[in-house]
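Novice: Sequence first, predicted coordinates after that:
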Amino acid sequence: MASEKLYRVYHGLPVPKIAHTEESLSYLEAFEVTDDDIFAVTYPKSGTTWMQEILPLLLNGGDLQPVEKIPNWDRVPWLEETRLALVVDKLTPPRAMVSHMHYHLMPPSFHSSKAKVIYIARNPKDILVSSFYFHQMASFLDDPGTFEEFTEKFLAGQVLFGKWTDHVKSWRNTDLGDRILYITYEELIQDLREVLKRILHFLGREMSEDALDRVTDHCLFENMKKNQMSNYSLVPKDIMDSNKSPFLRKGISGDWKNHFSPELEAKFNTVIRKEMEGSGVEFPWDKE
Ligand code: A3P
């Protein structure tokens, strides 16, 4: 089980106590979503921080100032975390926020609004690897143990925000219609500029080719890694220790191949396939 010292359980989901308090979760439930709000929704380690960089730039015409001056957790805050109540008045419409919440746990005002959602999915094997290193560097998360032990926990949903399969299924079978855009981390890796164009179109925004080039360049892993407002270097070492593993770690797809034994991969595939069976949800990595 996820440790009681570090996590509280919210509707069955372990959430880290450091940023999720009873107040922040009540605030989430009562939050007044407006029609022009934009949410980037992810299962943890799927590209949340990346979207906190991308969204402000696409919404402001490519002005780099805010992303170089304001930490990511304040410029695009988490809907469920403590910072939101503190910074909400400083957000200028359209407000961009991120969330790890499952669909049915979004606030009632979200469901009755016209707010838009960009859902970013990532190969769960790469999520597992990314999360394993994140658990090593973050003192507010359980010690992951060995990679095999952590895989067991991940598959059992004894990790932050529960099972990956439940998360992706909840956001695929919605009645959001054209209010939701699905992208993958792998598409962002493969052709960032093209996906940024797709997001612009979805948000009904335009941007000059020059500005789009600038934003694309700024959001490349090597450049974003240097941005102190985005690489978590502002967080004290006793909370996040980048000497153990940097938050912006490798920024690639397919690192799982360096971590899974054939036996572990077979086990992982069996569990995930069984849970996705009948959901009608398919991903490009299913065929790998
Ligand atoms: P890795 O640990 O595989 O490197 P989240 O923000 O949801 O916690 O996800 C973190 C993951 O996204 C990390 O993956 C991190 O390196 C990756 N990431 C963040 N910004 C990125 C970028 N600009 N390009 C590629 N990957 C990025």
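Specialist: Ah, there it is. Model, not experiment: these values are computed from the prediction.
Novice: How is the closest residue to the ligand within the stretch 51-200 of the chain assigned, secondary-structure-wise?
Specialist: Going by C-beta to the nearest ligand atom, the ligand is nearest to S130 of the stretch 51-200 of the chain, at 3.2 Å. Where you see a C-beta, it was placed from the backbone N, CA and C, and this is true even at glycine. Recorded secondary structure, S130: helix (DSSP: H, G, I helix; E, B strand; the rest coil).
Novice: contacting residues for the nearest residue to it once chain neighbours are set aside?
Specialist: Distances taken as C-beta to C-beta, 6 or more residues apart in numbering place K45 nearest to S130, at 4.1 Å, with adjacent residues excluded. For K45, the contacting residues are 122, 127, 130-131, 134, by C-beta atoms under 8 Å, 6 or more residues apart in numbering.
Novice: go again using 6 Å as the cut-off
Specialist: If a contact means C-beta atoms under 6 Å, 6 or more residues apart in numbering, then K45 has 127, 130-131 as its contacts.
Novice: now the host helix or strand of T216, how far from the chain's geometric center?
Specialist: In this structure, T216 sits in helix 209-218 according to DSSP states H and E. Offset of helix 209-218 from its chain centre (C-alpha atoms, centre = their mean, to the nearest Å): 22 Å.
Novice: in it, what counts as buried?
Specialist: 211-212, 214-216, 218 (16 or more other C-beta atoms under 10 Å).
Novice: tell me which parts of the stretch 151-288 of the chain are close to the ligand?
Specialist: Contacts of the stretch 151-288 of the chain with the ligand, taken as C-beta under 6 Å from any ligand atom, map to 219, 221, 224, 248-251, 255.
Novice: Turn the residues you listed into TSV, including secondary structure.
Specialist: What follows is these, written out as TSV (three-state DSSP):
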residue	secondary structure
C219	coil
F221	helix
M224	helix
L248	coil
R249	coil
K250	coil
G251	coil
D255	helix
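Novice: Let me see the ranges of the strands in the stretch 1-150 of the chain.
Specialist: Secondary structure of the stretch 1-150 of the chain (DSSP state E, counting those that start in this stretch): strands at 7-10, 13-16, 38-42, 96-99, 116-121.
Novice: List just the one of these that sits closest to V159.
Specialist: strand 13-16 (6.8 Å; C-beta to C-beta).
Novice: can you pull the contacts of F202?
Specialist: Applying C-beta under 6 Å, 6+ apart to F202 gives the contacts L181.
Novice: hmm, 7 Å instead?
Specialist: Residues in contact with F202, defined by C-beta atoms under 7 Å, 6 or more residues apart in numbering, are 116, 181.
Novice: I'd like the distance between it and the ligand.
Specialist: 19 Å (C-beta to the nearest ligand atom, to the nearest Å).
Novice: between the helix or strand containing that residue and strand 116-121, how many degrees?
Specialist: Element membership for F202, per DSSP H and E: helix 192-203. Orientation check (axes from the mean of the first three to the mean of the last three C-alpha atoms, to 10 degrees): helix 192-203 against strand 116-121 gives 150 degrees.
Novice: Alpha carbons of helix 192-203, in CSV - could you do that?
Specialist: Output of helix 192-203 as CSV, limited to C-alpha atoms (Å, rounded to 0.1, in the frame of the first residue of the first chain):
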residue,chain,number,x,y,z
LEU,A,192,6.6,19.1,-31.7
ARG,A,193,5.9,21.9,-34.2
GLU,A,194,3.1,19.9,-35.9
VAL,A,195,1.4,19.1,-32.5
LEU,A,196,1.7,22.7,-31.4
LYS,A,197,-0.2,23.7,-34.6
ARG,A,198,-2.8,21.1,-33.8
ILE,A,199,-3.2,22.6,-30.3
LEU,A,200,-3.4,26.1,-31.7
HIS,A,201,-6.2,25.0,-34.1
PHE,A,202,-8.1,23.3,-31.3
LEU,A,203,-7.8,26.4,-29.1
